[in-house]
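1. Sharing a model prediction with you, sequence too.
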Amino acid sequence: MSETKIIEMKDYLNSWAGQQISIRKEEAGDLDQITISLEEATFEQRDAEDEYLGDHILFLHGRAYSTGEGSQVELPSVMYEVPLDGINDVRLDNSIITFQTNRAQYAISIN
């Protein structure tokens, strides 16, 4: 996947700034759902010291909550990290972005 497509996705997310978004992540049979009051999306390319994070990372800035089983738990950080290594099949729609990475499948949508 080209860096251009990642930047396009970041810019698309920034058009949602000021709104509540949901992130659905499926990884190895585990499902995580996060809600964020999105302030900004940024992208960083680096040499990873942590193999879990990888070299390409999308940062979603804002107050975030883990949602599941009828409860919400506020996350300690005001930044949610999405490792993008191996990203493919990026689809940008009016209210949803879907993509797959080496580790997980993601769907990000406006609430």
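-> On my side now, so go ahead.
2. so how far is residue 66 from residue 74?
-> To residue 66, residue 74 is 8 Å away according to C-beta to C-beta, to the nearest Å. Using the backbone N, CA and C atoms, a C-beta is placed for each residue, glycine as well.
3. And the two? Which one has more around it.
-> residue 66 (14 against 10; other C-beta atoms under 10 Å).
4. what residues does the host helix or strand of that one touch?
-> Secondary structure assignment for residue 66, by DSSP states H and E: strand 56-68. The contact list for strand 56-68, computed with C-beta atoms under 8 Å, 6 or more residues apart in numbering, reads 3, 6, 9-10, 13, 21-23, 32-46, 72-75, 77-85, 87.
5. From these, keep the buried residues only.
-> Using 16 or more other C-beta atoms under 10 Å as the burial test, these include 6, 9-10, 13, 21-23, 34-38, 41, 43, 80, 82-84, 87 as buried.
6. Out of the residues you listed, which sit inside helices?
-> Cross-referencing these against helices under DSSP state H gives 6, 9, 10, 13.
7. What is the nearest of those to residue 103?
-> residue 6 (15.6 Å; C-beta to C-beta).
8. residues contacting the closest one?
-> Residue 6 neighbours (C-beta under 8 Å, 6+ apart): 43, 56, 58, 84, 87, 90.
9. how far is the next helix-or-strand element following the strand holding residue 66 from where the chain is centred?
-> Moving toward the C-terminus from strand 56-68, the next helix or strand (DSSP H and E) is strand 71-74. In terms of C-alpha atoms, centre = their mean, to the nearest Å, the gap separating the centre of strand 71-74 from the centre of its chain is 18 Å.
10. packing partners for strand 71-74?
-> In this structure, strand 71-74 makes packing contacts with strand 56-68, judged by 3 or more C-beta pairs under 8 Å, 6 or more residues apart in numbering; DSSP states H and E.
11. 10 Å instead, please
-> In terms of contacts (3 or more C-beta pairs under 10 Å, 6 or more residues apart in numbering; DSSP states H and E), strand 71-74 is packed against strand 30-45, strand 56-68.
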